[in-house]
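Visitor: Requesting a structural model of the entry that follows:
(one chain, ligands or ions: 2)
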Amino acid sequence: MPDTFDAIIIGSGPGGYVCAIRCAQLGLKTALVEKDPYLGGTCLNVGCIPSKALLHSTHLYHQAAHGEAHGLQFKDLKVDVKRLMERKDKVVGQLRKGVQTLVSKRKIEIHEGTGSFAGKGKVTVAGSDDKSTTIEGKNIIIATGSVPVSLPFMKIDGKQVVSSTGAIAFGKVPKSMLVIGAGAIGLELGSVWSRLGSEVTFVEFLPTIAAGSDDDVSKMAERIFKKQGMTFHTSTKVTGCELNKDSVKLTAERDGKELSFEAEKVLLSVGRKPYTEGLGLDQIGLKTDDKGRIPVKNGQTEVEGVWAIGDVTPGPMLAHKAEEDGVAVAQRIAGKPGHFDYSRVPNVIYTDPEIASVGLTEKAAKEQGREIKVGTFPLVANGRAIAQDATDGFAKIIADAKTDRILGAAIIAAGASEMIASVVGHMEYGGSAEDLGSTIHAHPTISEAVKEAALAVDKKAIHSL
Ligand code: FAD
Ligand code: NAI
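Guide: Ligands and ions are numbered 1, 2, ... in the order given. This is a model prediction of the structure:
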C-alpha cells in the first residue's frame with residue numbers, strides 16, 4: 001500500500017518548503033519531494049542567497065577601494081576569489097542546514113528524487129539510484145520553479161557562456177564580461193564582477209535598463225552604474241554568438257546597424273521560464289499556458305486536488321511571492337482563508353544603490369487613466385545619505401489625487417530593500433500619503449526620504465523646496 005498524505009509538495013524552493021511547513025503547522029500529513037541534493041530551490045542554492053553574499057563581499061571591497069575621501073587607505077588591497085566563494089558557500093550551507101532542520105523537525109517526510117504524476121492523486125518519485133516509489137496524496141502542490149531562458153543561437157555551456165548559476169561561481173575575475181539583458185540578474189551579477197575589476201558591458205534589447213522600474217529610476221540607475229564603470233548598449237538586440245578559444249563574440253543590431261562585442265565570458269540573463277519538464281502533467285490532463293506556466297485560480301489548477309505555486313505559475317518570479325503562494329495554498333487545503341494578491345509584491349534589485357518598488361509606477365498609473373499626485377525626495381537633501389556618501393538616489397510616492405491613498409512607490413537608494421517595507425505596510429492597510437508622511441521615522445536615516453516623499457505629495461516636504 002503506498003503512503004497517503006494530505007499534501008504532497010513537488011519542489012522544495014521558497015514556495016515548496018514554506019508550503020510544507022505551513023501544511024505541517026496546520027496538522028496535515030505532508031511529504032516534500034525534491035530532485036536536487038539540497039532543499040531550498042533556486043533561491044537558496046543558486047539564486048537570492050549566493051548572489052546577495054557576493055554582492056555584500058564585493059560591496060565591502062569596493063568601499064575599501066574608494067576610502068580615500070574618508071581618510072582610509074588600504075595598501076595592496078587584493079581579492080581572493082577562492083575565499084570569497086568559500087564564504088558564499090558557507091552562507092548557503094548554513095541556510096541549507098536551517099531549512100533541513102525546520103522541515104525535518106516538523107515531521108515533514110522528505111522524498112529525494114524527481115516527482116512525476118502517475119495518475120490522479122499519485123506521485124512517483126524516481127531517485128538517482130534508479131529506484132522509484134509511488135506516494136499518494138489528497139492534494140498535490142506543484143512548486144517546481146523556473147530555469148533560465150536561453151537564446152536559439154547560443155547554448156549555455158557553463159564555461160564561456162553562463163547563466164546566473166555559472167556567474168556566481170567563477171574561479172577568477174574574468175577580464176571582460178558581456179551581459180545580455182540588463183534586468184535583475186544582469187545588474188546584480190554584472191555589479192559583482194565589475195566591482196572586482198572585470199570590464200562589464202551590457203547589451204539590452206529595451207531602451208531602458210531595469211525594465212519595469214519607474215522611468216526616472218531607470219535613467220538614474222543607468223547614469224550611476226556608468227559612473228561605476230559599467231557600459232550599456234540599450235535598444236540593442238543580440239543576433240549571433242561565436243565561440244573562440246579564449247573569448248566569445250556577439251553580433252547585435254541597433255537601429256538597423258550591425259554591432260559586434262567580444263569578451264572572455266558572456267552572462268545570459270534574459271529571463272527565466274517555468275519548469276515542468278518530466279512532471280507528467282499529461283497524466284492528469286493539466287495544460288500549461290503559452291508561456292509554459294500552470295494556470296491557477298487562488299492556487300488551484302484546473303484539476304481538482306492539484307495546486308501550483310511560485311515561479312511555475314503566473315505572477316512575479318520572486319521568492320517572497322512563492323512563499324506567500326505556499327502559505328495561502330496550505331491554508332486553503334486546511335479550509336482556512338488564504339489570499340493571493342500580487343498588487344503589493346515589492347520588487348528589489350540589490351545593486352548599489354538598491355532599486356526598490358511596489359504597486360503602480362507613475363507611468364502605469366497614468367496609463368490606467370488615474371488621477372494621481374506624486375511626491376519625490378532626493379537623497380542629496382538627506383542628512384544620513386550625506387554622512388555616508390550615499391546621495392545618489394531618491395524616493396517617490398504615487399498617491400491617488402482624490403483619496404490620497406498610496407498607489408505605489410519607487411526608491412533608488414542605499415538600503416532601499418529595507419525602506420520599501422514601510423510603504424508596503426502602509427499600502428496593505430489602505431494607508432494614505434498623509435499617513436506615511438506623519439509616521440515618525442528615526443533620524444538620521446535614509447528612510448526619512450520616504451517620509452519626506454510622502455509629505456511632498458501635498459507639497460509639505462520639510463527638507464526640500
Ligand atoms: P524554485 O526555487 O526554483 O524551486 C523549485 C524546486 O523544485 C527546485 O529545488 C527544483 O530542484 C525542484 N524540482 C523541480 N522539478 C522537480 C521535480 N519534478 N521533482 C522534484 N523536484 C523538482 N527572488 C527574490 O525574491 N529575491 C532575490 O534576491 C532573488 N535573487 C535571485 C537571484 C538569482 C541569481 C536567481 C536565479 C533568482 C533570484 N530570485 C530572487 C528569484 C527566486 O530565486 C525565485 O523566484 C524563487 O526561487 C522561486 O521559488 P519556487 O519555490 O517557485 O521555485
Ligand atoms: P529579467 O526579466 O529581470 O531581465 C531580462 C532582461 O533581458 C530584460 O531587460 C529584457 O529586455 C532583456 N532581454 C530579453 N531578451 C533579450 C535579447 N535577446 N537581447 C538583449 N536583451 C534581452 O530577467 P533576469 O534578469 O534573467 O531574471 C529572471 C528573474 O529572476 C527576474 O524576472 C526576477 O523575477 C528573478 N530575479 C529576482 C532578483 C531580485 O529579486 N533581486 C534577482 C535576480 C533574479
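Visitor: Residue 352 contacts residue 60, doesn't it?
Guide: No - under the criterion of CB atoms under 8 Å, residue 352 is not in contact with residue 60, lying 11.1 Å apart. For glycine as for every other residue, the C-beta is placed from the backbone atoms N, C-alpha and C.
Visitor: between those two, who's got more neighbours?
Guide: Higher neighbour count among residue 352 and residue 60: residue 352, with 18 against 11, using other CB atoms under 10 Å.
Visitor: got the contact list for the more buried one?
Guide: Contact analysis of residue 352 by CB atoms under 8 Å, 6 or more residues apart in numbering lists 59, 62, 191, 228, 414.
Visitor: Please settle this for me: is the first one part of a strand?
Guide: No - with DSSP: H, G, I helix; E, B strand; the rest coil as the criterion, residue 59 is assigned helix and is not in a strand.
Visitor: which of the contacts of residue 352 are buried?
Guide: Buried members of these, scored by 16 or more other CB atoms under 10 Å, are 59, 62, 191, 414.
Visitor: Turn the residues you listed into CSV, including distance to residue 202, secondary structure and pLDDT.
Guide: Output for the buried ones among the contacts of residue 352, formatted as CSV (distance: CB to CB, whole Å; DSSP: H, G, I helix; E, B strand; the rest coil; pLDDT from 0 to 100):
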residue, distance to residue 202, secondary structure, pLDDT
59, 19, helix, 98
62, 18, helix, 96
191, 11, helix, 98
414, 22, coil, 98
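Visitor: Run a quick neighbour tally on residue 208.
Guide: Residues lying near residue 208 (other CB under 10 Å) number 18.
Visitor: Tell me the secondary structure at it.
Guide: Residue 208 ends up coil, using three-state DSSP.
Visitor: And for residue 63?
Guide: helix.
Visitor: Can you show me the helices along the stretch 351-465 of the chain?
Guide: 362-367, 383-387, 416-428, 433-437, 448-456 (DSSP state H, counting those that start in this stretch).
Visitor: closest to residue 301 out of the ones you listed?
Guide: For residue 301, the closest of these is helix 416-428, at 27.5 Å, according to CB to CB.
Visitor: The closest one - what's its average pLDDT?
Guide: For helix 416-428, mean pLDDT is 98.
Visitor: Against which helices or strands is that helix packed?
Guide: Where contact means 3 or more CB pairs under 8 Å, 6 or more residues apart in numbering; DSSP states H and E, helix 416-428 is packed against strand 347-349, strand 354-359, strand 406-413, helix 433-437, helix 448-456.
Visitor: highest average neighbour count across these?
Guide: Per-stretch averages of neighbours, counted by mean count of other CB atoms under 10 Å, single out strand 406-413 among the helices and strands packed on helix 416-428, with a mean of 28.
Visitor: and the longest strand along the chain, how far out from the chain's middle?
Guide: If you go by DSSP state E, the chain has its longest strand at strand 132-142. Between the centre of strand 132-142 and the centre of its chain there are 29 Å (CA atoms, centre = their mean, to the nearest Å).
Visitor: Which neighbours in the sheet does it have, and how are they oriented?
Guide: strand 4-10 (parallel), strand 122-126 (antiparallel), strand 306-308 (parallel) (DSSP bridges).
Visitor: Most proximal residue of the stretch 101-250 of the chain with respect to ligand 2?
Guide: Residue of the stretch 101-250 of the chain nearest ligand 2, by CB to the nearest ligand atom: residue 183 (1.9 Å).
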